[in-house]
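Undergrad: need the 3D shape of this:
(one chain, ligands or ions: 1)
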Amino acid sequence: MTEMPVTVPLLATRDLVLFPGMLAPIFVERDKGVRALEQAYQSGETLVMAAQKSAVVDDPGADDIHRVGTLAKVVQFSRLSDGTIKALIEGRERVVIDDFISTQPFFLVRAQPLESRPVANKPRPRALMDSVTREFANYVGQNPQLPEEAETALETVTDPEKMVDIVAANLMIGPDRKQELLDGDDPEKRLLLLLETLIQENEFIALENEIAERVHDNFERQQRRVFLHERLKVLQEELGEEGEEESERGSYMKQLAEKKLPEAATATLTKEIKRLADLPPLSAEVAVAKTYLDTALGLPWGVKSGAEIPDVAAVARVLDDTHYGLKNVKDRIIEYLAVASLRGGTPPNAILCLVGPPGVGKTSVAMATAQGLERPLQRISLGGVRDEGEIRGHRRTYVGAMPGRIIDALKRAGVDDPVVVLDEIDKMESDWRGDPAAALMEVLDPVQNRTFRDNYLELEYDLSHVFFIATANYEEDIPETLHDRLEIIRLPGYTDREKAEIAQRHLVPKIAGESGLADLGNVFTPGALRGVIRDHTREAGVRELARLIGKVYRRLARMKVEGKPLPRRLGPRGLAKLIGPAPFLAARLGTEPQVGISLGLAYTGAGGDVLRIECVVTPGKGDFHLTGQVGEIMQESVTAAWGYLKTSLVRDPILSRLWAESPGRAYLLDNYQPPESGEESGPPPHGGERYGVPGGVPGGPAGGAGEAGGPSRGPGGHEVTDMEAGLRETAFRPEETAADVGRVPEPVCSLPSDHELLSALEVRMHFPEGAVPKEGPSAGIAVATALLSALVQAPVLPKVALSGEITLTGEVLPVGGLKEKLLAALREGVETVVLPSTVKPQVHELPAELKKGVNIVYVDNFVEVLPYAFLANEPQEGDGLF
Ligand code: ADP
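TA: You can find the predicted model right below:
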């Protein structure tokens with residue numbers, strides 16, 4: 001205990017009442033306080049902490065300070081940058097301030113201990129202490145923010161004064177009550193006051209808790225109500241309860257009133273709404289009726305998206321901005337819209353139809369048109385549609401009936417004048433479920449489509465403001481009825497140069513942007529781009545090209561994310577590193593003349609393609625094997641070509657000479673195996689059988705009926721008829737009859753006629769990458785060339801492609817898909833294209849660019865093909881023909 005009285009500095013506190021034994025951190029700002037603390041700390045002495053009577057007084061005088069305070073020791077002292085003192089002080093004992101010795105520069109006071117009256121050992125203070133201990137435990141239990149030690153702090157305390165100090169220090173009460181607890185020299189009184197305070201506080205806390213609980217309960221009850229209300233609503237909906245039903249009917253009527261429906265439709269729907277209200281709430285019909293009303297009222301009914309008269313200039317601008325080239329296509333669209341605008345916004349009677357292979361921009365041209373018109377776009381894919389109901393909807397009597405795709409598209413568009421793209425109209429089919437093409441006719445016919453009736457809706461809907469654009473891969477497959485209604489615009493595909501321009505101007509910037517590499521820009525060198533186009537893709541459009549550019553930018557994006565340096569330019573080698581080696585070699589064509597191989601040109605699913613035809617001929621039994629992807633049309637071409645050659649090699653002056661002197665004939669003759677005798681001349685000695693050849697050779701081998709004779713000549717100008725089929729001793733004994741031959745005992749010694757030779761072959765023809773032509777038979781002259789080459793063993797020149805149908809007399813007939821074919825020829829590096837003379841005018845119309853790289857020659861007859869397809873005669877080498 002300190003020796004008293006003492007003269008010490010005093011620190012006046014605004015609201016802190018320090019109790020003995022209490023350790024408190026304090027911040028002191030006021031000058032007097034700071035100085036008092038400094039003094040105490042430096043001298044290592046104590047100071048008195050006493051609370052102000054009012055916390056709001058800034059510069060308290062001696063009278064503003066309570067007379068009872070606590071003597072305290074400064075345990076820690078530090079000065080913060082703003083001059084404030086941070087200190088840790090520890091309360092030692094209660095003191096009474098006798099008087100203020102000075103008030104400047106800080107309070108200096110004389111103080112002496114507050115002497116308590118001794119406590120008589122009576123049961124009362126003990127009982128009080130027990131009560132305090134219990135209430136305090138209760139208090140601590142209800143105040144989680146108190147430190148855990150508080151609970152055990154009283155365990156060993158026996159001194160009432162100490163108990164008051166400890167408990168009071170831990171109470172969260174106002175400074176006035178604390179001051180009261182600090183004051184006083186009667187320990188029993190102090191205890192009593194403390195107990196009172198504790199009981200009050202505990203009650204207060206209990207009350208607080210009760211209120212909180214009640215608020216919480218209230219809140220929960222509210223939440224429950226909201227939840228139950230929601231449930232009730234759902235249940236009522238499920239049960240179709242009266243009230244709900246009424247409001248439902250009201251809401252439908254309101255919707256109906258808000259829309260501008262034609263009179264007849266309004267009447268029908270009003271009836272339907274009334275019927276819905278009359279339906280028994282639980283009947284299945286309710287859902288059906290509601291779906292119907294929702295669908296019917298969900299249609300735009302007269303809502304338009306914008307200007308009725310199309311802004312032709314805006315469309316032209318968008319088309320130019322988004323598409324390279326396609327001048328013809330853009331012109332046709334603009335002309336079409338110009339007519340529409342002169343007709344007051346009504347589209348012309350014919351519907352635009354964009355025809356071309358995949359990836360040439362049909363859909364994106366349609367989208368750009370919609371964008372220019374500022375109308376929403378909807379796509380309807382018609383590929384594989386066989387059910388008329390898909391177009392026109394199913395009657396509501398069917399389970400799960402729905403409106404057709406046209407009405408559905410309008411619902412999705414939300415306006416009556418959207419652009420609707422009818423995709424793949426060439427892929428519709430018709431069967432017992434009706435003819436979707438006929439239904440589509442009704443949709444597209446401006447006379448009928450003002451009052452289009454969907455089977456589901458059973459209301460007339462005006463489709464005359466819809467801007468339809470159809471697309472197709474093949475014009476030839478478009479149903480005849482529809483074809484008349486369409487204005488065909490062809491997009492045949494792009495040359496390599498056009499593709500490079502499209503890539504540079506549109507695809508690369510777009511894809512770079514989408515990949516988050518807009519600032520990197522175009523990384524392809526022109527050579528790399530050419531490489532991607534020529535060696536990595538084989539297509540008429542640019543879809544695969546776009547995919548590969550996407551692949552490159554994805555790789556670059558990854559490199560960027562991984563922190564690797566990005567190449568600023570990508571040459572062919574860098575490209576190969578990124579996307580691997582080219583799957584196609586640009587030179588698909590051979591460089592050397594080859595026997596039995598020719599090139600055809602086809603108009604196919606991918607635009608145009610170069611068709612490789614392989615043929616081998618060996619001695620055999622007259623079988624003709626056709627393998628690879630061969631359609632019916634190709635078979636016709638092959639049959640015609642073989643039929644022509646079989647007769648012409650014997651009859652045609654040029655071809656027969658060629659054949660007679662050819663190494664092919666010599667080889668076949670050397671290896672000739674006579675067929676065994678037919679059934680007509682008795683049982684075959686070796687169980688042999690007849691042989692047949694496409695093109696049909698009637699009759700059997702030697703020893704036939706005998707009367708099948710007639711004049712015949714061999715290759716040296718001998719005439720051979722189809723009826724003659726016997727074996728002979730030599731080919732130069734025309735006077736021999738078949739019956740005579742039949743008597744020759746050793747057939748192996750005799751030479752076959754050319755006809756027999758040609759009939760006893762095994763021909764194998766293969767189309768390795770069979771592209772089934774779409775425009776009709778066009779591979780005729782190419783097939784005949786491969787066949788002839790294999791027969792006479794003369795090599796065909798590489799880089800010559802042929803397209804033209806052949807007749808049995810060798811005439812070359814016109815073919816279609818010329819632009820596509822020329823594009824394919826250019827792409828594959830063909831140098832000479834042989835075409836029928838009859839297509840000359842069409843070729844003349846084609847852009848010069850298409851004709852620049854190739855030499856186009858025209859023929860009327862197959863014989864004229866020979867100088868272009870085969871090597872010129874070079875006697876010294878012996879394998880030329882001319
Ligand atoms: P389609 O409908 O004919 O199959 P898309 O319209 O889907 O072809 O075209 C494929 C991609 O090629 C689209 O990203 C399109 O923008 C792009 N494209 C095609 N042609 C051009 C062109 N002439 N100019 C710019 N981009 C084009």
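Undergrad: which parts of the stretch 51-200 of the chain are strands?
TA: Using DSSP state E, counting those that start in this stretch, the strands of the stretch 51-200 of the chain run over 68-79, 85-102, 107-113.
Undergrad: not counting its neighbours along the chain, what's nearest the closest residue to the ligand within the stretch 601-750 of the chain?
TA: Nearest to the ligand, among the residues of the stretch 601-750 of the chain, is residue 607, at 10.4 Å (CB to the nearest ligand atom). All C-beta spots, glycine's among them, are computed from the backbone N, C-alpha and C. Excluding the flanking residues, the one nearest residue 607 by CB to CB, 6 or more residues apart in numbering is residue 540, at 2.5 Å.
Undergrad: quick revisit: buried deepest among the strands of the stretch 51-200 of the chain, which one?
TA: Each of those was scored by mean neighbour count; the highest is strand 107-113, a mean of 21, by mean count of other CB atoms under 10 Å.
Undergrad: could you give the angle of that strand to strand 68-79?
TA: On the basis of axes from the mean of the first three to the mean of the last three CA atoms, to 10 degrees, strand 107-113 is oriented at 130 degrees to strand 68-79.
Undergrad: who does strand 107-113 pair up with?
TA: Strand pairing for strand 107-113, determined by DSSP bridges: strand 6-13 (antiparallel), strand 85-102 (antiparallel).
Undergrad: what mean pLDDT does that strand get?
TA: For strand 107-113, the mean pLDDT works out to 88.
Undergrad: and it, how far out from the chain's middle?
TA: 87 Å (CA atoms, centre = their mean, to the nearest Å).
Undergrad: can you name the residue of this structure nearest to the ligand?
TA: Closest approach between the chain and the ligand, counting by CB to the nearest ligand atom: residue 361, at 2.8 Å.
Undergrad: burial count for that residue?
TA: Residues near residue 361, counting by other CB atoms under 10 Å, number 24.
Undergrad: residues touching it, list them.
TA: Going by CB atoms under 8 Å, 6 or more residues apart in numbering, residue 361 touches 323, 326, 491, 541, 542.
Undergrad: ok, and which of those residues reach the ligand?
TA: When CB under 6 Å from any ligand atom is applied, the members of those adjacent to the ligand are 323, 326, 541, 542.
Undergrad: which positions in this structure make contact with the ligand?
TA: Residues of the chain lying close to the ligand by CB under 6 Å from any ligand atom are 323-326, 356, 358-364, 502, 506, 541-543, 546.
Undergrad: can you tell me the centre-most residue of the chain?
TA: residue 547 (12.1 Å; CA atoms, centre = their mean).
Undergrad: that older thread, okay, and which of the residues of the chain next to the ligand map to strands?
TA: In strands, defined here by DSSP state E, there are no members of these.
Undergrad: which ones among these map onto helices?
TA: Mapping the residues of the chain next to the ligand onto helices (DSSP state H) picks out 362, 363, 364, 502, 543, 546.
Undergrad: which of these lies closest to residue 180?
TA: Nearest to residue 180 among those: residue 546, at 87.2 Å, using CB to CB.
Undergrad: what's the separation between that closest one and residue 607?
TA: Using CB to CB, to the nearest Å, we find residue 546 at a distance of 16 Å from residue 607.
Undergrad: can you pick the most crowded of the contacts of residue 361?
TA: Top of the contacts of residue 361 by neighbour count (other CB under 10 Å): residue 542, with 24 neighbours.
Undergrad: how about residue 840, nearest residue that isn't a chain neighbour?
TA: With CB to CB, 6+ apart, the residue lying closest to residue 840 is residue 858, at 5.7 Å.
Undergrad: now residue 299: how far from residue 152?
TA: Taking CB to CB, one finds residue 299 at 79 Å from residue 152.
Undergrad: bridged to the residue nearest to residue 92 when sequence neighbours are not counted, which residues?
TA: The spatially closest residue to residue 92, leaving aside those adjacent along the chain, is residue 71, at 4.7 Å (CB to CB, 6+ apart). Applying DSSP bridges to residue 71 gives these bridge partners: residue 48, residue 93.
Undergrad: so residue 71 sits against residue 46, correct?
TA: Yes: the criterion here is CB atoms under 8 Å, and residue 71 meets it with residue 46 at 5.2 Å.
Undergrad: where do the strands sit along the stretch 351-500 of the chain?
TA: Taking DSSP E, counting those that start in this stretch as the test, the strands found in the stretch 351-500 of the chain are 351-355, 377-381, 419-423, 452-453, 460-461, 467-472, 486-490.
Undergrad: just send those strands back as CSV, with mean pLDDT too.
TA: Shown next, in CSV, are the strands of the stretch 351-500 of the chain (pLDDT from 0 to 100):
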stretch, mean pLDDT
strand 351-355, 91
strand 377-381, 91
strand 419-423, 91
strand 452-453, 88
strand 460-461, 89
strand 467-472, 91
strand 486-490, 89
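Undergrad: Throw these into a markdown table and include mean neighbour count, thanks.
TA: Listed next are these as a markdown table, based on neighbours: other CB atoms under 10 Å:
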| stretch | mean neighbour count |
| --- | --- |
| strand 351-355 | 24 |
| strand 377-381 | 18 |
| strand 419-423 | 23 |
| strand 452-453 | 18 |
| strand 460-461 | 18 |
| strand 467-472 | 25 |
| strand 486-490 | 18 |
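Undergrad: mind putting these into a markdown table with distance to residue 215?
TA: Formatted as a markdown table, those follow (distance: least, CB to CB, whole Å):
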| stretch | distance to residue 215 |
| --- | --- |
| strand 351-355 | 69 |
| strand 377-381 | 55 |
| strand 419-423 | 60 |
| strand 452-453 | 63 |
| strand 460-461 | 58 |
| strand 467-472 | 63 |
| strand 486-490 | 74 |
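Undergrad: which of those sits closest to residue 163?
TA: With respect to residue 163, and counting by CB to CB, the nearest of these is strand 377-381 at 86.1 Å.
Undergrad: so which elements touch the closest one?
TA: If contacts are counted by 3 or more CB pairs under 8 Å, 6 or more residues apart in numbering; DSSP states H and E, strand 377-381 sits against helix 362-373, helix 405-413, strand 419-423.
Undergrad: any regions of the stretch 751-882 of the chain where pLDDT drops low?
TA: Within the stretch 751-882 of the chain, the ranges that satisfy pLDDT under 70 run 769-776, 872-882.
Undergrad: all helices of it, in order?
TA: When assigned using DSSP state H, counting those that start in this stretch, the helices of the stretch 751-882 of the chain occupy the ranges 754-759, 780-792, 818-828, 840-845, 848-852, 866-869.
Undergrad: deepest-packed of the ones you listed, please.
TA: Among those, ranked by average contacts under mean count of other CB under 10 Å, first place goes to helix 780-792 (a mean of 28).
Undergrad: show me what the residue nearest to residue 840 is bridged to.
TA: Counting by DSSP bridges, residue 858 forms beta bridges with residue 835.
Undergrad: neighbours of it, how many?
TA: When neighbours are defined as other CB under 10 Å, residue 858 has 16 of them.
Undergrad: who's in contact with it?
TA: Residue 858 is in contact with 834, 835, 836, 837, 839, 840, counting by CB under 8 Å, 6+ apart.
Undergrad: now the third one: how far from residue 369?
TA: Distance of residue 836 to residue 369, computed by CB to CB: 37 Å.
Undergrad: if we can go back for a sec, more neighbours: which of residue 299 and residue 152?
TA: Between residue 299 and residue 152, counting by other CB under 10 Å, residue 299 is the more crowded of the two (23 against 10).
Undergrad: low-scoring stretches of the stretch 351-500 of the chain, by residue?
TA: In the stretch 351-500 of the chain, residues with pLDDT under 70: 430-433.
Undergrad: per-residue pLDDT of the residue nearest to the centre of the chain, please?
TA: Looking at residue 547, its pLDDT is 92.
Undergrad: for residue 530, give its distance to residue 127.
TA: Distance, residue 530 to residue 127, using CB to CB: 106 Å.
Undergrad: more neighbours, the two?
TA: Legend: neighbour count by other CB under 10 Å for residue 530 and residue 127, higher for residue 530 (18 against 12).
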